[in-house]
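Asker: predicted model and sequence follow; I will ask about them next.
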2 protein chains.
Amino acid sequence: MDTASPATSSSALVDETAAAIRARIMSGEIPIGAQLRQAELAKTLGVSRTPVREALRQLQTGGLIEVVPNRGAVVRVPAPWEVREAYEVRAELEGLACVRAVRRITRDGLGELRATNELLRPGDAPPNAASHAANDRFHTLIHEIAGNERLARVIREINEAFPRNVSALVLQEHPRHRDDNFAEHERILAALQTEDPDLVRREMQSHVISAGEQLARWYERRSATVFRG
Amino acid sequence: MDTASPATSSSALVDETAAAIRARIMSGEIPIGAQLRQAELAKTLGVSRTPVREALRQLQTGGLIEVVPNRGAVVRVPAPWEVREAYEVRAELEGLACVRAVRRITRDGLGELRATNELLRPGDAPPNAASHAANDRFHTLIHEIAGNERLARVIREINEAFPRNVSALVLQEHPRHRDDNFAEHERILAALQTEDPDLVRREMQSHVISAGEQLARWYERRSATVFRG
DNA sequence: CTTCCCAAAATTGGATCCAAGAAGATTTGC
DNA sequence: GCAAATCTTCTTGGATCCAATTTTGGGAAG
């Protein structure tokens, strides 16, 4: 899609390696706090240590992993307050995206948003990979409509800074969270239709804050249980 | 200052190398659009190509340079619309920082802000390195008062994404810009004293937008003259 | 004179090598 | 028997090596 996009392409192998490692962290295959040994990753991914090292450097810049000088890389263990900080920022940015989207959205765009959220309607089927993708899609659609690449990029970077993101968790934990998520999306859709920028902003902000709060609570529970097995 | 900060320390050499390259780009010693040859950088900085490559990878992730697969790295040439996009995002974030700062600022903090801006008062002396530092300090002080590390980090990343930033330019171009910059800071200080969050937010947002507009215009003029210069 | 093609030089990218540092095990001293 | 020091092993970090791709310069053909 992007012809003149500011996306820096870099080397194919390094990017693939970074994406592979990130995917394994995001999926939980590599757990939070785990050590990332370069030789092991290189062997698993079928490359040498060089691209692995550069990939780790990329992930480190994004904040997903932490590299201590002579002791290697570990998957970062975010503190709940870090999640709340990040999601306060994200809420502000998603709010801005909504304000921009109100001015730019078309009938087709609104329809696509509605269709996407229908995939999240509770009761149909248990959450699966498709619903996670739909949840992501709902937000990225708004970012596309907002038409500010930097804005979309910053939000994506915040989302990718934590080894578990909202889409992967909120839909699985409590069924209640799933219902809330759907309902909040519906409120955003309704607000978009009123074309009231402030209303859309508030709806989106409260949605993001509550999602972030759930993610922060998940980390709190995790840190409480990780010591007793 | 940061003891438990989420700053990933990484390797010393690579970080120093990245900082050195970034400094040379920011200062203009390495011009916009210039090729960055690994061997040359390695020789200049007195290290081997390995840390240079990892440093370039870091800078690439930040968006300051662009790496095309088998053709090396160049200092990115930002389009004016990219600057405007980024500064719309930055304005929103600096606005959020102000809203948070209003609730948290102390008498001492306000005094430090005032003192910092006094260094920018026009008429005293021509802009120098100290005034650039003071301009940066005025904003980072607010970020510190705001007390959200992620917020400060995202703003810093946006600021470092362009090979020329506002502090380095606005103070040097037109004397009028310098006056405006000082006056806008004074308005922000006054707004902070009123403790009206919305007012402070508006003042800061319009300040950042106008600064970004000046930066964008600088890039426009640059792209207009680069072909006949 | 321009354009296309081919070859040589230069540069990047991946792999390997070696040193330096840290963690862990073993041994030694008390 | 316990603690401290040392030695071994493992892992990272930097340097070097080699292959692959790009670029550039020269030459030949149109």
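Answerer: Thanks, I have it.
Asker: what segments of chain A are strands?
Answerer: Applying DSSP state E to chain A gives strands spanning A:35-36, A:65-68, A:72-75.
Asker: pretty sure residue A:101 sits against residue A:148.
Answerer: No. Under the criterion of CB atoms under 8 Å, residue A:101 is not in contact with residue A:148, lying 10.0 Å apart. Where C-beta positions appear, they are placed from N, C-alpha and C, glycine not excepted.
Asker: more neighbours: the two, which one.
Answerer: Applying other CB atoms under 10 Å in any protein chain shown to residue A:101 and residue A:148 shows that residue A:101 carries more neighbours, namely 26 against 22.
Asker: domains in chain A, by residue range?
Answerer: Domain ranges of chain A: A:12-75, A:80-225, per automatic domain parsing.
Asker: residues touching the closest residue to residue A:18 other than its chain neighbours, list them.
Answerer: Sequence neighbours aside, residue A:55 is the residue nearest to residue A:18 in space, at 3.8 Å (criterion: CB to CB, 6 or more residues apart in numbering or on different chains). Going by CB atoms under 8 Å, 6 or more residues apart in numbering or on different chains, residue A:55 touches A:14-15, A:17-18, A:21.
Asker: can you list the residues of chain A near DNA strand D?
Answerer: Counting by CB under 7 Å from any atom of the strand, the positions of chain A adjacent to DNA strand D are A:35-39, A:49-50, A:53, A:67, A:69-73.
Asker: what's the distance between the residue nearest the centre of chain A and residue A:16?
Answerer: By CA atoms, centre = their mean, the mean C-alpha position of chain A lies nearest to residue A:159, the distance being 3.2 Å. Separation of residue A:159 from residue A:16 (CB to CB, to the nearest Å): 20 Å.
Asker: what of residue A:98?
Answerer: Distance, residue A:98 to residue A:16, by CB to CB: 34 Å.
Asker: more neighbours: which of the two?
Answerer: residue A:98 (27 against 14).
Asker: just to check, the more buried one is in contact with residue A:142?
Answerer: Yes. If you go by CB under 8 Å, residue A:98 and residue A:142 touch, sitting 6.5 Å apart.
Asker: who touches both of these two?
Answerer: In contact with both residue A:98 and residue A:142: residue A:204, using CB under 8 Å, 6+ apart.
Asker: around chain B, pick out the residues from chain A.
Answerer: With CB under 8 Å from any CB of the partner chain as the criterion, chain A meets chain B at residues A:6, A:8-12, A:14, A:53-54, A:57-58, A:60-63, A:65-69, A:76, A:78, A:82, A:85-86, A:88-89, A:92-93, A:96, A:148-151, A:154, A:158.
Asker: pLDDT at residue A:127, what is it?
Answerer: Residue A:127 is assigned 77 on the pLDDT scale.
Asker: could you find the closest non-adjacent residue to it?
Answerer: Of all residues not flanking residue A:127 in the chain, residue A:171 sits nearest, at 3.9 Å (CB to CB, 6+ apart).
Asker: got the contact list for the residue of chain A found nearest DNA strand D?
Answerer: Closest contact between chain A and DNA strand D, by CB to the nearest atom of the strand, is at residue A:72 (3.1 Å). Listed by CB under 8 Å, 6+ apart, the contact set of residue A:72 reads A:35-38.
Asker: save the residues you listed as TSV, and put in neighbour count and distance to residue B:45 too.
Answerer: TSV is the format used below for these (neighbours: other CB atoms under 10 Å in any protein chain shown; distance: CB to CB, whole Å):
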residue	neighbour count	distance to residue B:45
A:35	11	30
A:36	21	27
A:37	14	29
A:38	16	24
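Asker: and the lengthiest helix in chain A, how far out from the chain's middle?
Answerer: In chain A, assigned by DSSP state H, the helix with the most residues is helix A:197-225. Relative to its parent chain, helix A:197-225 has a centroid offset of 12 Å by CA atoms, centre = their mean, to the nearest Å.
Asker: which strands or helices does that helix pack on?
Answerer: helix A:80-104, helix A:166-170, helix A:175-194 (3 or more CB pairs under 8 Å, 6 or more residues apart in numbering or on different chains; DSSP states H and E).
Asker: what do you get if the cut-off is 10 Å, keeping everything else the same?
Answerer: Packing partners of helix A:197-225 (3 or more CB pairs under 10 Å, 6 or more residues apart in numbering or on different chains; DSSP states H and E): helix A:80-104, helix A:129-146, helix A:166-170, helix A:175-194.
Asker: ranking these by mean pLDDT, which is last?
Answerer: Among these, helix A:166-170 scores lowest, at a mean of 79.
Asker: with just CA atoms, put that one into PDB.
Answerer: What follows is helix A:166-170, C-alpha atoms only, in PDB (Å, rounded to 0.1, in the frame of the first residue of the first chain):
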ATOM      1  CA  VAL A 166      -5.100  -5.600  25.000                       C
ATOM      2  CA  SER A 167      -6.500  -7.400  22.100                       C
ATOM      3  CA  ALA A 168      -4.800 -10.600  23.200                       C
ATOM      4  CA  LEU A 169      -6.000 -10.400  26.800                       C
ATOM      5  CA  VAL A 170      -9.300  -8.500  27.100                       C
END
